[in-house]
Structure formats: structure tokens, C-alpha cells
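Trainee: output the structure for:
(one chain, ligands or ions: 1)
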Amino acid sequence: MMQRFAPMVAIDVATQAEALALFDQFTGLTPAPIVKLGMELYYAAGPTIVKEARRRGFAVFLDLKLYDIPNTVGRAMHALGKLGVSFVTVHAAGGSEMLQAALTGLQTGAKEAGQPQPYLLAITELTSIDQRIMNEEQGIPGPVAATVQRYARMAEQVGLAGVVCSAQEVQAIREVTGEHFLCVTPGIRPVGAAKGDQKRVVTPSQAHQLGANAIVCGRPITQAPVPRAAYQQIAMEFMEG
Ligand SMILES: O=C(O)c1cc(=O)[nH]c(=O)n1[C@@H]1O[C@H](COP(=O)(O)O)[C@@H](O)[C@H]1O
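Mentor: Numbers count the residues shown, from 1 in each chain. As a prediction, the model looks like this:
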């Protein structure tokens, strides 16, 4: 049986106060959401917001998408490994040497702090990228699925737990990776929701059918009139298909 995680809710807000108000919305739910803390909030509120999420019992996905030379990424990951988070991200485009440094740094940091080992996920092609942007602006030829497949294989070879991709590529990834390799999929839009800046989108139930291990969803939940109710609806669609 494939592993399916509870939906990951992107807490993309500018202040700790706004984040805490969202945490309040999600208290006492089953399945409990995994809270995804990204650049906007972490750069403003720092490790304190991670500790507060954990204190409230949430598993934390710390999505900082590291991308730099191997030494720098390795040392930064070492610091993040100490925070007690469950998922961390790094850009596959940095190459296998950088991914290796990221993994070693993260694992060493977690071990030194006595924390459980986080899942390290490689960002493939962002869900805001379509084939035209990838071909013409990034200069990578071919279909998006082929690039994502190549990144996924590299990430698995280095020993990462999985990738972040669109659910549209999950089946292509399954062809080239082992059964435990995780596909975490943002770009989730319920029927009728605004796409915004996302390009490669699917609904929560499509993500289930396509075999995603987890979905990441932000604005359709956090900007809904009642975020708690929006989460429950999306969680039901994803978990049950
Ligand atoms: O790493 C991510 O989580 C991520 C990767 C990706 O390819 N696309 C993507 O949208 N994300 C994140 O997923 C969230 C999507 O938010 P919404 O578009 O509001 O649902 C944001 O926090 C993005 O940073």
C-alpha cells in the first residue's frame, strides 16, 4: 500500500500573528494537516514559528527550497536539521553534488540535535512553469515530464526521500523510481478555483487518482471564507479519491 500523508497546508502569510490564527483554524482536525512554512513566513518569523507549530502538535514541512553551492547548502541544511521538522526542500537543478551535501548536512544536524530524520524532497520543475517557459526561458528542451523524471531519478540515486512535482508527472516518475519514493504535489485547485500563478494544476481527487503521496495546498484553503471547512473538504477529496 502506498503511503498517503495528510494534506500539507501552505501557511503563506507575512506575520506570526496571521500564522497563529491559521494554526487555530486547524486545531483538533483528523487528519491533522501538515503545516508548510515557506520563505515568506520563515524569513519574517524565523525558527520561533517552527517551534510554535511543533508545540501545537503539527508536523512541519519547512519549504525553503535551497539552491547554492554544495558547501553552503550543506551547512544551511545542518542548521535546519536541528529544528525538528518533518520535510525539507532543495532544488534538484543544483545537481547531484549539491543534493548529496544537502542530505548529509540535514542528517548530521538532525542526529546531533537528537531529532528524527526529516524527509528531504527535491524540487523538480515548479508547478508555475509550463513547457514554453521551460523550453524558451530555462533552455531545457523536451516535455516537462522528461525533465521531472530525470530529476527524480537523480534525487533517488543520491538517497533523497522524494520529489515535489505536479501530480501530472507522478505516473512518469513511478516508471523510473522505487515504490517508496515520495511524490509531493502542489498546484492543487478544487474544481472552479482560481489558478493564480499556477500552471500545472489538478484537483485533489485527481491527485489521489494519479497516485500522489501528498498534496500541498495554500490559497484555496487559507483564503477561503472558513479555512477549516475548506481544508476538510480538500482532505476528504484527496484521502478518499
Ligand atoms: O515546494 C513547494 O511546496 C512548491 C513547489 C512547486 O513546484 N509549486 C508550489 O506551488 N509550491 C508551493 O506550494 C504552495 C502552493 O500554494 P497555492 O498555489 O496557494 O496552493 C506555495 O507555498 C508554493 O511555494
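
Trainee: tell me the contacts of Ala224?
Mentor: By C-beta atoms under 8 Å, 6 or more residues apart in numbering, Ala224 lies in contact with Ala230. C-beta coordinates here come from the backbone N, C-alpha and C atoms, glycine included.

Trainee: hang on, it in a strand?
Mentor: No. Assigned with DSSP: H, G, I helix; E, B strand; the rest coil, Ala224 falls outside any strand and is coil.

Trainee: how about the strands of the chain, start to end?
Mentor: Under the criterion DSSP state E, strands of the chain are mapped to 8-10, 34-38, 60-66, 87-91, 119-123, 162-164, 182-185, 214-217.

Trainee: which residues touch the longest one?
Mentor: Strand 60-66 is contacted from outside by 8, 10, 34-39, 42, 50, 53-54, 73, 76-77, 80, 83-91, 94, 102, 118, 123, 216, using C-beta under 8 Å, 6+ apart.

Trainee: report the buried members of these.
Mentor: Buried subset of these (neighbour count, 16 or more other C-beta atoms under 10 Å): 8, 10, 34-38, 42, 50, 53-54, 73, 76-77, 80, 83-91, 94, 102, 118, 123, 216.

Trainee: ok, and which of those residues reach the ligand?
Mentor: Among those, the ones lying near the ligand by C-beta under 6 Å from any ligand atom are 10, 38, 89, 123, 216.

Trainee: and the residue lying closest to the second one once chain neighbours are set aside, how far is that from the ligand?
Mentor: Translated: Gly38. Spatial nearest neighbour of Gly38, chain neighbours left out: Asp63 (4.6 Å); criterion: C-beta to C-beta, 6 or more residues apart in numbering. Look at Asp63 and the ligand: by C-beta to the nearest ligand atom, to the nearest Å, they are 5 Å apart.

Trainee: thinking again about what came up before, okay, the strands of the chain in a markdown table with mean pLDDT next?
Mentor: Formatted as a markdown table, these follow (pLDDT from 0 to 100):
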| stretch | mean pLDDT |
| --- | --- |
| strand 8-10 | 98 |
| strand 34-38 | 98 |
| strand 60-66 | 98 |
| strand 87-91 | 99 |
| strand 119-123 | 99 |
| strand 162-164 | 99 |
| strand 182-185 | 98 |
| strand 214-217 | 98 |
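
Trainee: can I get those in JSON lines including distance to Met154?
Mentor: Output for the strands of the chain, formatted as JSON lines (distance: least, C-beta to C-beta, whole Å):
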{"stretch": "strand 8-10", "distance to Met154": "23"}
{"stretch": "strand 34-38", "distance to Met154": "24"}
{"stretch": "strand 60-66", "distance to Met154": "16"}
{"stretch": "strand 87-91", "distance to Met154": "12"}
{"stretch": "strand 119-123", "distance to Met154": "8"}
{"stretch": "strand 162-164", "distance to Met154": "10"}
{"stretch": "strand 182-185", "distance to Met154": "15"}
{"stretch": "strand 214-217", "distance to Met154": "21"}
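
Trainee: for Ala19, find the nearest of the ones you listed.
Mentor: Closest to Ala19 of the strands of the chain is strand 34-38 (C-beta to C-beta; 7.6 Å).
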